[in-house]
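Enquirer: A predicted structure for the sequence below; I have some questions about it.
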Amino acid sequence: ATIRRTEPTAGSGDSARRFGTQRVLVEPDAASGVAVMKFKNPPVNSLSLELLTEFIISLEKLENDKTFRGVILTSDCPRVFSAGLDLTEMCGKNPAHYAEYWKAVQELWLRLYLSNLVLIAAINGACPAGGCLISLTCDYRILADNPKYLIGLNETLLGIVAPFWFKDTLVNTIGHRASEQALQLGLLFLPAEALQVGLVDQVVPEDQVLSTALSVMARWMAIPDHARQLTKNMMRKTTVDRLVKQRDADIQNFVSFISRDSIQKSLQMYLEKLKQKKG
Ligand SMILES: CCCCCCCCCCC/C=C/C(=O)SCCNC(=O)CCNC(=O)[C@H](O)C(C)(C)COP(=O)(O)OP(=O)(O)OC[C@H]1O[C@@H](n2cnc3c(N)ncnc32)[C@H](O)[C@@H]1OP(=O)(O)O
């Protein structure tokens, strides 16, 4: 993927020179040190290998540019933040592809979860499974108050299982008992429920998600970076190290699990159900 610069937005000067890739738009504001990263992989921002790769490239570019201290993650696709991992990457492929794909999923989580940037999820659409995981890696989550925008780790509804580092991220956010129930039942929470259980930090009207994210960002960026970053690292490094210590085993575990005939059948049936629902 190549990073492309696009023309500055009207009346904005250089600080809003947008850049990004085909599937990840980046709207940087050098003056404030905040960039907005928008997933743009229609129709539902499914986390394809390409999107994951482009996301990692764009995130790394922002992390390496000391102008930026905070990033807001949001969606350019209406009604959906992200539909989660791209199911077509996990069925009907070969073990080598599954391994490559899973390595990219691990990489995105590792980079987001321990990022030195302030990360705020401006959740402006449905946020199941992998989409929910991305929001959980952020420091703060704001969800649009729309009953259609469900959020949760619903993997069991597909007949699959969220891996231990998905589980750990959820436990670190909503606690063990709430996670135990949510993961086993594959719960997708309504905004009010998500707020109540602590899955999101704020629920606001849809047209206030971004502005709320910007004002929360200002509060987090008022903290000296080094102190905040060391604290974030203290809170999250044990969780990250659990995956780092067994990344290859985790990949092999994923490949053998996802390659099972029963799992392949579940995923195919789930994809077909998604397509029928439109019919
Ligand atoms: C013992 C331990 C072992 C552990 C080993 C690991 C095991 C595996 C780990 C797996 C972790 C998985 C994480 C995931 O993220 S799996 C993905 C789960 N995602 C979902 O369940 C969401 C599915 N999608 C939806 O619910 C809806 O699409 C949504 C609410 C997001 C939007 O609805 P809307 O009506 O707007 O859009 P459509 O449903 O009509 O979809 C439009 C088209 O997009 C296709 N689609 C949707 N979601 C996905 C997806 N996730 N991947 C690929 N494609 C997707 C859908 O089929 C439509 O396609 P067509 O236009 O061609 O019909």
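Expert: The structure has been received and is ready for your questions.

Enquirer: all contacts plus neighbour counts: C-alpha atoms, from now on.
Expert: Fine.

Enquirer: residues in contact with the closest residue to the ligand within the stretch 101-250 of the chain?
Expert: Across the stretch 101-250 of the chain, the shortest distance to the ligand (CA to the nearest ligand atom) belongs to Gly130, at 3.6 Å. By CA atoms under 8 Å, 6 or more residues apart in numbering, the residues touching Gly130 are Leu47, Ser82, Ala83, Gly84, Leu85, Leu153.

Enquirer: Need phi/psi at the nearest residue to the fourth one once chain neighbours are set aside.
Expert: In space, and not counting its chain neighbours, Gly84 is closest to Gly130: 3.8 Å by CA to CA, 6 or more residues apart in numbering. Taking degrees, to the nearest 10, you get phi -60, psi -30 for the backbone angles of Gly130.

Enquirer: What spatial separation is found between Val255 and the ligand?
Expert: Applying CA to the nearest ligand atom, to the nearest Å, one obtains 8 Å for the distance of Val255 from the ligand.

Enquirer: Surely that residue touches Tyr101?
Expert: No - checked against CA atoms under 8 Å, the pair Val255 and Tyr101 is beyond contact range at 9.7 Å.

Enquirer: what about the two, which has more around it?
Expert: Just comparing Val255 and Tyr101: by other CA atoms under 10 Å the higher neighbour count belongs to Tyr101, 24 against 21.

Enquirer: So for that one, what's the pLDDT?
Expert: For Tyr101, the pLDDT comes out at 98.

Enquirer: Grab the nearest non-local neighbour of it.
Expert: Leu49 (6.0 Å).

Enquirer: Any regions of this protein where pLDDT drops low?
Expert: 1-16, 278-279 (pLDDT under 70).

Enquirer: and the gap between the residue nearest to the spatial centre of it and Ala227?
Expert: When CA atoms, centre = their mean is applied to the chain, the residue found nearest the centroid is Ile134 (1.9 Å). From Ile134 across to Ala227, the span is 24 Å (CA to CA, to the nearest Å).

Enquirer: Next: Asp250.
Expert: 32 Å.

Enquirer: try Val24
Expert: Distance, Val24 to Ala227, using CA to CA: 30 Å.

Enquirer: Those two - which one has more neighbours?
Expert: More crowded of Val24 and Ala227, by other CA under 10 Å: Val24, with 26 against 10.

Enquirer: tell me what whatever helix or strand Ile251 lives in is packed against?
Expert: Using DSSP states H and E, Ile251 sits within helix 247-259. In terms of contacts (3 or more CA pairs under 8 Å, 6 or more residues apart in numbering; DSSP states H and E), helix 247-259 is packed against helix 95-113.

Enquirer: Give me the angle between the helix it packs on and helix 247-259.
Expert: Using axes from the mean of the first three to the mean of the last three CA atoms, to 10 degrees, the direction of helix 95-113 lies 130 degrees away from that of helix 247-259.

Enquirer: Tell me which helix or strand comes right after helix 95-113.
Expert: Downstream of helix 95-113, the next assigned helix or strand under DSSP H and E is strand 118-123.
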